[in-house]
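# Take a look and give me a structure for this.
(one chain, ligands or ions: 1)
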Amino acid sequence: MSVHPDIRVLPADTALRPALLTLDVDEAQHAYVGRIADSLADADACEGSEPMAILCGAEAIGFYRVERSARSIAGMDFERATLGLRSFFIDARWQGRGLGALALDAAMRDLARRHPAALDVALTVNVRNTAAIALYRRYGFRETGGLYHGGRSGPQHLMVCALPR
Ligand SMILES: CC(C)(COP(=O)(O)OP(=O)(O)OC[C@H]1O[C@@H](n2cnc3c(N)ncnc32)[C@H](O)[C@@H]1OP(=O)(O)O)[C@@H](O)C(=O)NCCC(=O)NCCS
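Predicted coordinates for the structure are as follows:
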């Protein structure tokens, strides 16, 4: 792999779906993120939820969903126009190589470009998910204080970050 791998994000259209459906995380990480088949089906059924593919070159390596309103992930309203980020993961075979950080940066830039009215991005992350919390903090996300209790495996931090301009 090159020092600067070509990381891109694209809407998870039908052409990308077969490759995306092969992606998975380690079994223990399913406490933090659901199965991609379920997430794709849920996104298709939910108005305002956009499934996104993370590509390294031509290869699908990860996935996330964008919620047009962060209310659907945090169960609360935000003072500023805020998008929601959920189900972010890098396939287990591709983790630990710096690609998650590059993908998060690409995702935030893509959101800023395609949602010019949005100011912030919010996400929830399990309090035990130290890898993801470190990744988000490194990028610039900050805990808002308080815990969100709607998670699949216990309490979650609500984290927010301004979109790049
Ligand atoms: C969280 C996740 C996306 C990170 O992807 P990745 O490609 O492995 O991350 P990177 O290699 O780019 O690492 C970026 C930063 O994340 C943090 N990080 C990644 N793996 C870590 C680990 N095992 N322990 C602690 N911090 C870790 C570090 O801050 C790291 O930066 P550093 O290497 O300079 O210290 C990946 O582990 C994953 O998909 N986990 C399962 C799904 C999940 O938990 N998603 C979050 C849902 S909210």
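# So which bits of stretch 15-31 are buried?
Neighbour-count burial for stretch 15-31 flags 16, 20, 23-25, 29 (criterion: 16 or more other CB atoms under 10 Å). Where C-beta positions appear, they are placed from N, C-alpha and C, glycine not excepted.
# now the end-to-end length of it.
Stretch 15-31 has an end-to-end distance of 29 Å (criterion: CA to CA, to the nearest Å).
# With the ligand in mind, check whether that stretch reaches it.
Yes: contact between stretch 15-31 and the ligand is present through 25, 29 (criterion: CB under 6 Å from any ligand atom).
# now that stretch, how far from the centre of its chain.
How far stretch 15-31 lies from its chain's middle: 13 Å, per CA atoms, centre = their mean, to the nearest Å.
# contact partners of it?
Contact with stretch 15-31 is made by 10, 12, 32-33, 35-37, 40, 53, 59-63, 89-92, 95, 126, 128, 152-153, as judged by CB atoms under 8 Å, 6 or more residues apart in numbering.
# which ones among these are found in helices?
36-37, 40 (DSSP state H).
# helix, strand or coil for A107?
Put simply, A107 is helix when judged by DSSP: H, G, I helix; E, B strand; the rest coil.
# which residue packs closest to it, ignoring adjacent ones?
Nearest non-adjacent residue to A107, counting by CB to CB, 6 or more residues apart in numbering: V9, 5.3 Å away.
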